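**Q** compute the structure for the input listed below.
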Amino acid sequence: MKVLYFLYQWCVAVPILLVLTVITALVTIIMTGVSGSHFWGYYPAHIWSRCVCALLLVKVEVRGRENIDSKTSYVFVANHQGAFDIWSIYGYLNHDFKWLMKKELEKIFLVGYACKRAGHIMVDDSSVAGIRTTIEESEKTLQGGMSLVIFPEGSRTFDGKMIPFKRGAFMLAAEYRLPVVPITIDGAFRRMPRTTYNATPGKIILTIHKPIYPGEKGFNTKKLLAECHDVIESALPEQDRVKKD
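**A** Sure, this is the predicted structure:
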């Protein structure tokens, strides 16, 4: 079965997905120039992500959707297990948002420019000026009633266990006093870890936890970071949790 799936992935699914990726990028680039990024910055990639999962025979199960309101702006923070994290959230969260993504992703042919046209925020943390620009762009996005999705680990895990969180996502939430929604992604590491481009069919569980709201004095970013980490990890199977001393 593994050999048959390997042949299917590279001879059937990948060629189709390459074509769909180019079409999605072009539609995004053209239509955001015509009608803006609110609709066209989200739905083409939303459909594309569902196609990726379907063609690679990956099912995404969503739990806790009732915890969020489609008309409310949030800062979503999720663990980062692998490539399917992006497709799972884009395809199945069903909540309009912008990514906070690494600036180097701009270099990907067509896709990078499409992401920029879609209004996603490119993070340049190489200098103080770059960080300041990121905060300013985030403020403009959030003022329009939009949500943000961030992977606070900053990069994909190598072993399926969570990497320590960085403070950036929580500083943004504290700055704008937006509710923070932890999201647990379970199964993406087994579908495609960062060490390979070969997918494995199966299921991913996307757990949307209850929002964490700021108090009268806002957030304590250190406590918020720790709380989000614990909430996200609580929905992972025991073997994927970091052992505590």
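**Q** is residue 195 in contact with residue 158, as I believe?
**A** Yes - with contact defined as CB atoms under 8 Å, residue 195 reaches residue 158; the gap is 7.2 Å. Just so you know, the C-beta spots here come from the backbone N, C-alpha and C atoms, and that holds for glycine as well.
**Q** next one: stretch 21-34 to chain centre, how far?
**A** Mean-position distance between stretch 21-34 and its chain equals 20 Å (CA atoms, centre = their mean, to the nearest Å).
**Q** next helix or strand past the longest helix seen in the chain?
**A** Assignment by DSSP state H gives helix 14-35 as the longest helix of the chain. Going down the chain from helix 14-35, the next helix or strand is helix 37-40, by DSSP states H and E.
**Q** quick check: buried residues in stretch 138-153?
**A** Going by neighbour count (16 or more other CB atoms under 10 Å), the buried part of stretch 138-153 is 138, 141-142, 146-153.
**Q** what residues does it touch?
**A** Residues external to stretch 138-153 that are found in contact with it (CB atoms under 8 Å, 6 or more residues apart in numbering): 38, 71-80, 85, 89, 93, 95-100, 119, 121, 162-166, 168-170, 172, 175-176, 178, 225, 228.
**Q** drop anything exposed from those.
**A** The buried subset of the contacts of stretch 138-153 - by 16+ other CB under 10 Å - is 73-80, 85, 89, 93, 95-100, 119, 121, 162-163, 165-166, 168-170, 172, 176, 178, 225, 228.
**Q** now the residue positioned nearest the centre of the chain: closest residue in space, sequence neighbours ignored.
**A** The residue lying closest to the centre of the chain (CA atoms, centre = their mean) is residue 86, at 4.6 Å. In this structure, residue 86 finds its nearest non-sequential neighbour in residue 49, 7.2 Å apart by CB to CB, 6 or more residues apart in numbering.
**Q** how far does stretch 49-67 stretch from start to finish?
**A** 23 Å (CA to CA, to the nearest Å).
**Q** show me what the host helix or strand of residue 51 is packed up against.
**A** Secondary structure assigned from DSSP H and E places residue 51 in helix 43-55. Here helix 43-55 touches helix 14-35, helix 84-92, going by 3 or more CB pairs under 8 Å, 6 or more residues apart in numbering; DSSP states H and E.
**Q** gap between residue 72 and residue 98?
**A** Distance of residue 72 to residue 98, computed by CB to CB, to the nearest Å: 15 Å.
**Q** hmm, back to that, just send the buried residues of stretch 138-153 back as a markdown table, with pLDDT, distance to residue 113 and secondary structure too.
**A** Shown next, in a markdown table, are those (pLDDT from 0 to 100; distance: CB to CB, whole Å; DSSP: H, G, I helix; E, B strand; the rest coil):
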| residue | pLDDT | distance to residue 113 | secondary structure |
| --- | --- | --- | --- |
| 138 | 73 | 20 | helix |
| 141 | 73 | 18 | helix |
| 142 | 72 | 23 | helix |
| 146 | 86 | 20 | coil |
| 147 | 92 | 23 | strand |
| 148 | 91 | 20 | strand |
| 149 | 94 | 20 | strand |
| 150 | 93 | 22 | strand |
| 151 | 94 | 22 | coil |
| 152 | 93 | 26 | coil |
| 153 | 93 | 26 | coil |
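**Q** most widely separated two among the residues you listed?
**A** 146 and 153 (22.5 Å; CB to CB).
**Q** quick one on the thing from earlier: from the buried residues of stretch 138-153, which is closest to residue 105?
**A** Using CB to CB, residue 151 comes nearest to residue 105 of those, at 12.3 Å.
**Q** just the CA atoms from the helix or strand hosting residue 189 would do, formatted as PDB, please.
**A** Element membership for residue 189, per DSSP H and E: helix 188-191. Coordinates of each C-alpha in helix 188-191 appear next as PDB, following Å, rounded to 0.1, in the frame of the first residue of the first chain:
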ATOM      1  CA  ALA A 188       0.000  16.700  11.100                       C
ATOM      2  CA  PHE A 189       3.400  15.400  12.200                       C
ATOM      3  CA  ARG A 190       2.400  11.900  11.200                       C
ATOM      4  CA  ARG A 191       1.000  13.100   7.900                       C
END
